[in-house]
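Provided below are the primary sequence and the corresponding predicted coordinates.
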Amino acid sequence: MSEIETDIGPLPAPPKKKGGRRKRAVNPKEQERWQSDEWKEHLKKVGFQKGREKTGGRVATPKETKEWIAGKSQDVAQFMWDLMHDDTQPIKERRAAAVWLGEMSMAKAPTEQKVEVNHTHDIGAMLLEAQRMATTKLIDVTPKPKVIEDDSDV
């Protein structure tokens, strides 16, 4: 017991944190199902499967399926066009269709990027600075320039 507790009595417990994640009440029947071997097998089937590390346990979409979908692109565009002009649909859906059609047909404005490259240092100075900062001596690996001798005087 601390001095404060002896003077004023026992201290109240700190308040519990409000908020956070609340657990959902689960009935015993559902708990039993989650513990069953059938449920564990089901989770194995829908989850990651060994031997498919590259795709995260999922099989890539077959080439034929992608080609078939590509052939239906006009149907999709027609559907979105009809949805955009359907007065019985909510404005939210019609607007989403218009945005989709706009993104498919109009190029986005290019963003201008200005890149400036300023190199006012030389390799030798950089190596000297690196050697000065290093705890162990650095080896200079820059190639030596080749000397071309002039043979025209001979």
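Cool, the structure landed.

other SSEs contacting the longest helix anywhere in the chain?
Counting residues, the longest helix in the chain under DSSP state H turns out to be helix 91-105. Under the contact definition 3 or more C-beta pairs under 8 Å, 6 or more residues apart in numbering; DSSP states H and E, helix 91-105 sits against helix 73-84. To be clear about C-beta, it is placed using only N, CA and C from the backbone, and glycine gets the same treatment.

average pLDDT for the helix it packs on?
Averaging pLDDT along helix 73-84 gives 90.

Can you point out the buried residues in it?
Neighbour-count burial for helix 73-84 flags 80, 83-84 (criterion: 16 or more other C-beta atoms under 10 Å).

Does anything pack onto that helix? Which helices or strands?
helix 91-105.

average pLDDT for the helix or strand that the helix it packs on is followed by?
Counting by DSSP states H and E, the next helix or strand C-terminal to helix 91-105 is helix 123-133. Mean pLDDT, computed over helix 123-133, is 79.

Where does pLDDT dip in this protein?
Counting by pLDDT under 70, the chain contains low-confidence ranges at 1-2, 4-5, 18-22, 48-59, 135-138, 151-154.
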